[in-house]
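Enquirer: Curious how this folds, go ahead:
(4 chains)
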2 protein chains.
Amino acid sequence: MITMLDVSRQAGVSKATVSRVLNNTGQVKESTRVAVFKAVEELGYRPNLLAQALANQTSNTIGLVISNFDGPYFGRLLRQAAQLIEASGKHMIVTDGHDTPEGELEAVRLLIDRRCDAIILYTRFMEEPALMQLISQHPALMVINRDLPQARERCVVFEQQQAASEVVNYLIAHGHQDIACITAPINTPTGQSRLAGYREALEQNNIAYRDDFIAFSDSSIAGGYHACRELIEKNPSFTALFACNDDMAIGALRALHQAGKRVPDDVSLFGFDDEPSAEYLQPSLSTVYLPIDKMISTAIEQALRLSNGEIVEPVEPFVGELKVRESVINRK
Amino acid sequence: MITMLDVSRQAGVSKATVSRVLNNTGQVKESTRVAVFKAVEELGYRPNLLAQALANQTSNTIGLVISNFDGPYFGRLLRQAAQLIEASGKHMIVTDGHDTPEGELEAVRLLIDRRCDAIILYTRFMEEPALMQLISQHPALMVINRDLPQARERCVVFEQQQAASEVVNYLIAHGHQDIACITAPINTPTGQSRLAGYREALEQNNIAYRDDFIAFSDSSIAGGYHACRELIEKNPSFTALFACNDDMAIGALRALHQAGKRVPDDVSLFGFDDEPSAEYLQPSLSTVYLPIDKMISTAIEQALRLSNGEIVEPVEPFVGELKVRESVINRK
DNA sequence: GTGAAAGCGCTAACAA
DNA sequence: TTGTTAGCGCTTTCAC
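Expert: Got it, this is the predicted structure:
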């Protein structure tokens, strides 16, 4: 590998001078500037980012931890993040948390060890105390998807429960009383909040919560499919179904179809996330749009500010937006 | 930040000794081992990976460049890659190539500058000469999705044309003569190969290639939708449609439905990629399964070997597997 | 068994 | 305007 020393020799100057022209720092005579660039060109020199980071005490990177790599959800997020981070002149390092709390923790640790200037953790599994501790270990760590009352300025959150409640209220307002629900993983705050929103809406409308209208699932397409079959078997009388994410709604759609139930004529279906395919399904899927682009942007901006030592304000919670499409019918 | 020096002082030993116990290198008295670990614990010391990499002349990372972050396709790939790389004790750095040749090139450059031990480039846009040059610049760079005759051992490829041809041959064998096609981006080798496979099958069966059965598209759901509408407008007489990826098939499915054409009764539909949702669509989508898991695994293993200075053999091209589902009907 | 010292490739005072 | 020098945090000879 060509080093700066090689360049300096080729150009007949010192390393310091090479560094100066490459970083545009300090005054350099035009002729030597040219000579250095010429040498760089001839040798095909490229700076060693690791060495640079060590000397600069800043790696010029921002780390991102997501729950997993599958699915369209994080894809959208990563795309936006990559763009923003690049625009800020930094580089992005992504890691996944293997859908476990330990994995998430380990991933963040790694990013810290890599000396990322800022870190964004999209958590689904870590508990509050562990998160608080992480936050205390890195001055520019932002957490997405978990509200930490002790550190509001470090969180970017989405009003899960409210959105879920709006969905179910919408269904009720359109004449549905028997509303089933397929949950997201119930051991996660997200899964819990969405179910809580469902219950909240029922309560607000004095509709009894029934166990046989609930199927616990895992956010996957196959999971949604099986959960829906289970529901139909337990009690096929529901006229509406709230799947706590779009993937499960896709699975449920097929299960309903196979059971001879037409959507939306027999059963109205609601998803959550607004995946790219939602709009194109047959029938197009009603769902909740999550402003993940805005959320990740906000998190990155805030993290960047923190890494500059700036003082930051808490971020307002984000809210979802109902996308009502063909899969829901008015029964009134 | 706590450094090794801090630890050494706390333990009453030298940096060298700390390094020895942490890396299990050289003999150390048990009592001092314990002392060092105690100090590490007390101080919460974590080694600086950057410094380590610089001193070791190896970053212990393997870099991965993909075309973009959206879509389920690369998600599946990343998931598998992350697992494998982690299992090998290394860390993964992912970057995206922004769906442009320059982006791909820049992404690889960056990984080289970061001193990745090995690099995997899933290319869709770079041309052969540029790829050859990259390969010469990094001894452990593997290219996925482009065949370089000069460097077969650095490539992992998939028989695109053959698979596409099989699809169309299957349709023909099942009584279809009027087969339309929605292409993937035609400025990419993948797009070209799949279309070539389509033409090849027609030729083999003495069926004329007709311009009005072709719509050029962009691999997106929306693109598939619009392309299908265009096809129907140009010449609605096709009895089968080959969408060059599943996303476009999803879009086409809706367009067909809106045009009053039933799938598969009026039009048989084939996709490509075998996305997770393919099996659950209504009707379930016939498609081609790509062994991306195996492909990425192979690429990683090969890259790892290269980075160890081992000599490697060329890799056999991978082939797809037809997944025939409800969306295709026999018209004979 | 342990420490001192040099070096990985770069940056940044401080002199000259 | 430029070179010398001392680090950044770690590893690794080479003595002791």
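
Enquirer: Please list all residues in contact with A:D70.
Expert: Applying C-beta atoms under 8 Å, 6 or more residues apart in numbering or on different chains, one finds that A:D70 lies in contact with B:P72, B:G75, B:R76, B:R79, B:P276. For every residue, glycine as well, the C-beta is placed using N, CA and C.

Enquirer: Count residues in the vicinity of the closest residue to A:V13 other than its chain neighbours, would you?
Expert: Residue nearest to A:V13 in three dimensions, not counting chain neighbours: A:T32, with 5.9 Å by C-beta to C-beta, 6 or more residues apart in numbering or on different chains. Look at A:T32: counted by other C-beta atoms under 10 Å in any protein chain shown, it has 16 neighbours.

Enquirer: my read: A:T32 touches A:A16, true?
Expert: No: using C-beta atoms under 8 Å, A:T32 is not in contact with A:A16; the gap is 11.6 Å.

Enquirer: Now do the same for A:Y73: helix, strand or coil?
Expert: Judged by DSSP: H, G, I helix; E, B strand; the rest coil, the three-state class of A:Y73 is helix.

Enquirer: swap in A:I2?
Expert: coil.

Enquirer: and the gap between it and A:N48?
Expert: 10 Å (C-beta to C-beta, to the nearest Å).

Enquirer: Look at the two and report which has more neighbours.
Expert: It is A:N48, of A:I2 and A:N48, that has more neighbours when counted by other C-beta under 10 Å, with 19 against 16.

Enquirer: The more buried one: what's it in contact with?
Expert: A:N48 touches A:M1, A:T3, B:L54, B:D113, B:R115, counting by C-beta under 8 Å, 6+ apart.

Enquirer: one more time with 7 Å
Expert: Listed by C-beta atoms under 7 Å, 6 or more residues apart in numbering or on different chains, the contact partners of A:N48 are B:D113, B:R115.

Enquirer: Also A:V267?
Expert: Applying C-beta under 7 Å, 6+ apart to A:V267 gives the contacts A:F238, A:T239, A:A240, A:L241, A:L256, A:K261.

Enquirer: And the pLDDT at the closest residue in space to A:V267 that isn't next to it in sequence?
Expert: Nearest residue to A:V267, sequence neighbours excluded (C-beta to C-beta, 6+ apart): A:K261, at 5.1 Å. On the pLDDT scale, A:K261 is placed at 98.

Enquirer: what separates A:K261 from DNA strand C, distance-wise?
Expert: Using C-beta to the nearest atom of the strand, to the nearest Å, A:K261 is found at 65 Å from DNA strand C.

Enquirer: Counting neighbours, what do you get for that residue?
Expert: When neighbours are counted by other C-beta under 10 Å, A:K261 registers 19.

Enquirer: Chain B contacts on the stretch 151-300 of chain A?
Expert: Within the stretch 151-300 of chain A, the positions near chain B by C-beta under 7 Å from any C-beta of the partner chain are A:I221, A:Y225, A:I250, A:G251, A:L253, A:R254, A:H257, A:P276, A:S277, A:Y280, A:Q282.

Enquirer: out of the residues you listed, which one sits closest to DNA strand D?
Expert: Using C-beta to the nearest atom of the strand, A:P276 comes nearest to DNA strand D of those, at 43.7 Å.
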